[in-house]
Each structure stands twice: as C-alpha cells, then as structure tokens.
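Student: dropping a prediction and its sequence here:
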Amino acid sequence: MKKTVEKDITNSIKEIIQELVTAYRTNKEVNPEMIEQMKAMRELFKELEQPTIVKSVRLAYEHIGNHGSLDNLTYWEDEEIELDEENSSFEYYLGLLTNPTNKYNREEIKELNVLLKGSPEA
C-alpha cells in the first residue's frame with residue numbers, strides 16, 4: 001500500500017514539474033501561479049519524507065520571488081553548465097527534481113541549497 005501511495009505522489013510531482021516547464025517555456029519567466037505550484041510540490045515532497053528536497057524547493061521559490069529567477073547563482077558558471085533558451089536555470093533545477101534520489105542529482109541539489117541559503121534577500 002505504501003509503495004502505491006509513494007508512486008502516486010511521485011507521479012503528481014512529475015506532473016507539476018511538467019506543468020512548470022511548459023508554463024516557463026510559454027512565459028519565459030516564473031509567475032506567482034508557478035510559485036504556488038512549487039509550494040504544492042514541496043508539500044508532496046514532505047509526504048515522501050525528503051527533507052533536503054523540501055528545503056530546496058522552499059529556498060528556490062523564495063529566491064525566485066526575491067530575484068525573479070535562479071540565473072544569478074554562481075553555481076551555473078562554477079559547474080560550467082551551459083544555459084540558454086532551450087535549458088534555463090529554472091528548467092535545469094526542475095530536471096534535478098524529477099529524480100532527486102539519483103546520487104548525482106541529490107549532490108547538485110545540496111550544492112544549490114548552500115548557495116540559495118547564502119544569497120541575499122533582495
């Protein structure tokens with residue numbers, strides 16, 4: 001029973017991520033409705049007992065709320081991640097969340113959390 005519930009939650013998270021990617025590609029920015037979707041996604045990660053991811057999603061939407069995007073993080077340059085119209089920092093971040101249990105994705109999420117925690121509020 002628990003596996004079925006976890007799978008349903010995971011599928012709901014993936015649906016939200018796909019909706020966010022589609023909305024971002026349409027609008028080229030993160031709008032308040034998308035922030036609300038991120039908050040809903042965070043609640044789903046809570047149900048999966050993923051504290052690192054729960055924190056990351058909160059830090060990300062707070063940062064986006066204050067700065068408009070994730071583009072100003074030094075992470076992208078430090079890791080030599082090429083961002084462009086086809087792969088924005090927001091889409092890259094959402095890609096990490098599609099499989100947060102992958103050890104490489106989790107490592108990147110933790111690195112991003114450190115930068116997000118250390119970024120100024122305004």
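Tutor: Nice, thanks for sending it over.
Student: okay, buried residues for stretch 45-56 please.
Tutor: Neighbour-count burial for stretch 45-56 flags 45, 48, 50, 53-56 (criterion: 16 or more other Cβ atoms under 10 Å). Where you see a C-beta, it was placed from the backbone N, CA and C, and this is true even at glycine.
Student: let's see that stretch as CSV, backbone CA atoms only.
Tutor: The C-alpha trace of stretch 45-56 is given here as CSV (Å, rounded to 0.1, in the frame of the first residue of the first chain):
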residue,chain,number,x,y,z
PHE,A,45,7.9,16.0,-1.1
LYS,A,46,7.1,16.4,2.6
GLU,A,47,4.8,13.4,2.3
LEU,A,48,7.7,11.4,0.8
GLU,A,49,9.9,12.5,3.7
GLN,A,50,12.5,14.1,1.6
PRO,A,51,13.8,17.0,3.9
THR,A,52,16.7,18.1,1.6
ILE,A,53,14.3,18.4,-1.3
VAL,A,54,11.6,20.1,0.8
LYS,A,55,14.1,22.7,1.9
SER,A,56,15.5,23.1,-1.7
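Student: just the residues contacting it, thanks.
Tutor: Stretch 45-56 is contacted from outside by 6, 9-10, 13, 42, 57, 97, 100, 106, 109-110, 112-113, 116, using Cβ atoms under 8 Å, 6 or more residues apart in numbering.
Student: list the helices and strands the strand or helix carrying Tyr93 packs on?
Tutor: According to DSSP states H and E, Tyr93 maps onto helix 89-98. Contact here means 3 or more Cβ pairs under 8 Å, 6 or more residues apart in numbering; DSSP states H and E; on that basis helix 89-98 packs against helix 2-27, helix 51-67, helix 103-118.
Student: could you point out which element follows the first one?
Tutor: It stands for helix 2-27. helix 32-47.
Student: what residues sit buried inside that following helix?
Tutor: 34-35, 37-38, 41-42, 44-45.
Student: again, but for stretch 99-106
Tutor: Quick answer for stretch 99-106 (16+ other Cβ under 10 Å): 100, 105-106.
Student: from the residues you listed, which has minimum pLDDT?
Tutor: In terms of pLDDT, Pro100 ranks lowest among the buried residues of stretch 99-106, with 89.
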